[in-house]
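S.K.: predicted model and sequence below, questions to follow.
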Amino acid sequence: MKSEDYEKLGAFYLGRPVDPATGEDRDEPLLYDAKDLTTHAVIVGMTGSGKTGLGIGLIEEALIDGIPVLAIDPKGDLGNLLLTFPNLAATDFRPWIDEGSALRAGQTPDEHAASQAALWRKGLGDWGQSPERIAKLEAAAERVLYTPGSNAGRPLSILRALDAPAPAIVEDGEALRERVLSSVSGLLGLVGLSDKEADPIQSREHILLSNLVERAWREGRNLDLGALIHQIQKPPIERVGVFELETFFPAAERAALAMRINNLLASPGFAAWLEGEPLDVARMLRAEDGRPRLAIVSIAHLADAERMFVVTLLLGQLVAWMRTQSGTQSLRAMLYMDEVFGFFPPTANPPSKLPMLTLLKQARAFGLGCVLSTQNPVDLDYKGLSNCGTWFLGRLQTERDKARVLDGLESVAGAGREGFDRASLERRLSSLDKRVFLLNNVHEDAPVLMRTRWTLSYLAGPLSRAQMKQLPRPTGTAAASASPAPAAPRLLPPPPPPRRSRLPRRSLPLRARLEHNPPAPSCPPRPTSASCRSRGP
């Protein structure tokens, strides 16, 4: 296979089709039309299925095509995207070698580094990729690892999210309300209020804070926690709705809320949340030199409440940024979340759920594609995931997992619709190997079996804080982290129209169609194919 076979603008090279009868790879690239990602994607697979490698390969393809990516990393795996070694030298691999793995392999760390370098060179060659493609990835996009609440990566000042947004957002009533909602929900979750206590409709705490924050922002004033605490004790308002303030929320009970927020302000680790760049999505998606950026927000080091706070604010900011963009049918940017478990449950309503659902329902019109990955397929809101047009299904652990995923897939295909062969899909899911996925795309005629390609990035596994500090830093990191927030949102230009000749939508040679499995889509057919790779061969 040559690079000309897959290096086409708007086509993501994710692997090879697999013959369902023999289980052998076909000698052709599996190409996924980037435009299909605007209808979002889900990756499901148990630990060891190759899920992380698939996600990393998908991100690599987006960056090579000039698509900026915002990636949320709850597990610490996505920092591997900064481990790119065009020279494929053993000395490049050595700092990232796990000495325990070397010992189990019967090698010294230096020997293991040499064997990993050789493994990566061979793996890339087997998939028709060269070291030059690694260099192309490095040149195509700036890659930054953000670590809110820590200086292990680039600090991100999450609590500055209470600063007044740009006038364009303030003047857009819907965008302003969504920004207020996500900011207040995240803050109340951080101080320990339950989902019920922080309900935007029923919670006095949420309603009061929303009024205070929106009032300040409409007046063009920033809020910090100190000012917010004072306003909770002595609000600049006399009524909430038709009720007197003291009737709605007595002073003694407001004092208890103020005390909870003050405890956060007084905590020893609070200063770390104020360090670094402001949380600004437009800035995070575009480097100073104009290149697209991979912005990885690592939250693996945070407690559960802190993770929810960061994810809620980040998704809320992304929704607000999205609304400042012009409409497009092409892929403008990508959101990738490496483990969505706990953030998008089927029945509970954590603060992160509403902005996530908003993105799944509305981001398509703005060219923002969302990719959600999980190894926990049971505890997901499949009604919300029915907005996702592409499903990558890897090995699953239990029959319950398979049944839940097939239920979700059936909701996408259309319950009872001719062409959804549940029994055939269940058989395929039961026989998947590592790195083999069942790709179901509503823009294609039928599901496809695929094996993920070898990743350009070295898959070293989850990175520790010490390893994060060793990652290469983009030029100007220090200056960037100290610079003030921009006064107005920057619009990303619409993506250029595809310059490639259009992929034959239905006639790619040797398509790996599932036997006896008629079409399962619910949307008009268009292009697709996909794949990637996980740790090791």
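M.R.: Looks like it came in fine.
S.K.: next, count neighbours for the closest residue to Pro355 other than its chain neighbours.
M.R.: Computed as CB to CB, 6 or more residues apart in numbering, the closest residue to Pro355 that is not its neighbour in sequence is Leu315, at 3.7 Å. Yep, even glycine has a C-beta here, placed from its N, CA and C like the rest. Other residues lying near Leu315 total 29 when counted by other CB atoms under 10 Å.
S.K.: for the remainder of this discussion, apply numbering that starts at 379.
M.R.: Sure thing, new numbering starts at 379, so read that last one as Leu693.
S.K.: in three-state terms, label Leu693 for me.
M.R.: In three-state terms, and counting by DSSP: H, G, I helix; E, B strand; the rest coil, Leu693 is helix.
S.K.: residues contacting it?
M.R.: Ser560, Ser730, Pro733, Met734, Leu737 (CB atoms under 8 Å, 6 or more residues apart in numbering).
S.K.: how about a cut-off of 10 Å?
M.R.: Shown in contact with Leu693 (CB atoms under 10 Å, 6 or more residues apart in numbering): 448, 450, 556, 560, 564, 659, 713, 715, 721, 729-737, 748.
S.K.: just the ones of the residues you listed in helices?
M.R.: Among the contacts of Leu693, the subset assigned to helices under DSSP state H consists of Glu556, Ser560, Gly564, Val659, Lys731, Leu732, Pro733, Met734, Leu735, Thr736, Leu737.
S.K.: just send these back as TSV, with neighbour count too.
M.R.: Shown next, in TSV, are the ones in helices among the contacts of Leu693 (neighbours: other CB atoms under 10 Å):
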residue	neighbour count
Glu556	22
Ser560	27
Gly564	27
Val659	25
Lys731	20
Leu732	19
Pro733	26
Met734	24
Leu735	18
Thr736	19
Leu737	23
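S.K.: and these, which is closest to Leu540?
M.R.: Gly564 (10.1 Å; CB to CB).
S.K.: now do the strands in the stretch 379-528 of the chain.
M.R.: For the stretch 379-528 of the chain, the strands defined by DSSP state E, counting those that start in this stretch occupy 389-395, 408-411, 419-422, 447-451, 520-524.
S.K.: any idea of the mean pLDDT in stretch 635-643?
M.R.: Across stretch 635-643, pLDDT averages out at 93.
S.K.: in it, what counts as buried?
M.R.: For stretch 635-643, a neighbour-count test (16 or more other CB atoms under 10 Å) marks Leu635, Ala636, Arg638, Ile639, Asn640, Leu642 as buried.
S.K.: what do you get for stretch 565-579?
M.R.: Leu565, Leu566, Gly567, Leu568, Val569, Leu571, Asp573, Ala576, Asp577, Pro578.
S.K.: distance-wise, check the residue nearest to Pro733 relative to Ala467.
M.R.: 40 Å (CB to CB, to the nearest Å).
S.K.: same deal with Phe626?
M.R.: On the measure of CB to CB, Phe626 and Ala467 end up 66 Å apart.
S.K.: higher neighbour count, those two?
M.R.: Phe626 (15 against 12).
S.K.: isn't that one right next to Glu583, touching?
M.R.: No. Between Phe626 and Glu583 there is no contact under CB atoms under 10 Å: 11.3 Å.
S.K.: just grab the bridge partners of the one residue sitting closest to the centre of the chain for me.
M.R.: Taking CA atoms, centre = their mean, the centroid of the chain lies closest to Tyr714, which sits 1.9 Å from it. Listed by DSSP bridges, the beta-bridge partners for Tyr714 are Ala449, Val749.
S.K.: again, but for Trp769
M.R.: Beta-bridge partners of Trp769, counted by DSSP bridges, are Val420, Asn818.
S.K.: count of residues packed around it?
M.R.: 23.
S.K.: got the contact list for it?
M.R.: 418-422, 763, 783, 786-787, 790-791, 815-820, 825.
S.K.: let's go with 7 Å and repeat that
M.R.: Residues near Trp769 by CB atoms under 7 Å, 6 or more residues apart in numbering: Val420, Leu787, Asn818.
S.K.: what's the end-to-end length of stretch 407-424?
M.R.: 25 Å (CA to CA, to the nearest Å).
S.K.: check the offset of it from the chain's centre.
M.R.: Chain-centre distance of stretch 407-424: 13 Å, with CA atoms, centre = their mean, to the nearest Å.
S.K.: buried residues, it. List them.
M.R.: Quick answer for stretch 407-424 (16+ other CB under 10 Å): 407-423.
S.K.: what do you get for stretch 766-785?
M.R.: In stretch 766-785, counting by 16+ other CB under 10 Å, buried: 766-774, 779-780, 782-784.
S.K.: now do stretch 474-489
M.R.: For stretch 474-489, the buried set under the neighbour-count rule, 16+ other CB under 10 Å, comprises Trp474, Ile475, Ala480, Gln485, Pro487.
S.K.: how near is the first one to Glu653?
M.R.: Here Trp474 is placed at a distance of 26 Å from Glu653 (CB to CB).
S.K.: same question for the last one.
M.R.: In this view, Pro487 and Glu653 are 34 Å apart by CB to CB.
S.K.: how about the third one?
M.R.: Separation of Ala480 from Glu653 (CB to CB): 36 Å.
S.K.: got it, and the fourth one?
M.R.: Shown here: Gln485 relative to Glu653, a distance of 40 Å by CB to CB.
S.K.: what residues are up against Arg671?
M.R.: For Arg671, the contacting residues are Pro446, Ala519, Glu520, Val522, Met662, Leu663, Arg664, Ala665, by CB under 7 Å, 6+ apart.
S.K.: mind checking how far whichever strand or helix holds it is from the chain centre?
M.R.: Under the criterion of DSSP states H and E, Arg671 resides in strand 671-676. With CA atoms, centre = their mean as the basis, strand 671-676 stands 9 Å off its chain's centre.
S.K.: partners of it, with directions?
M.R.: strand 447-451 (parallel), strand 520-524 (parallel).
S.K.: and those: which comes nearest Pro755?
M.R.: Once the strands paired with strand 671-676 are compared by CB to CB, strand 447-451 is nearest, at 18.6 Å.
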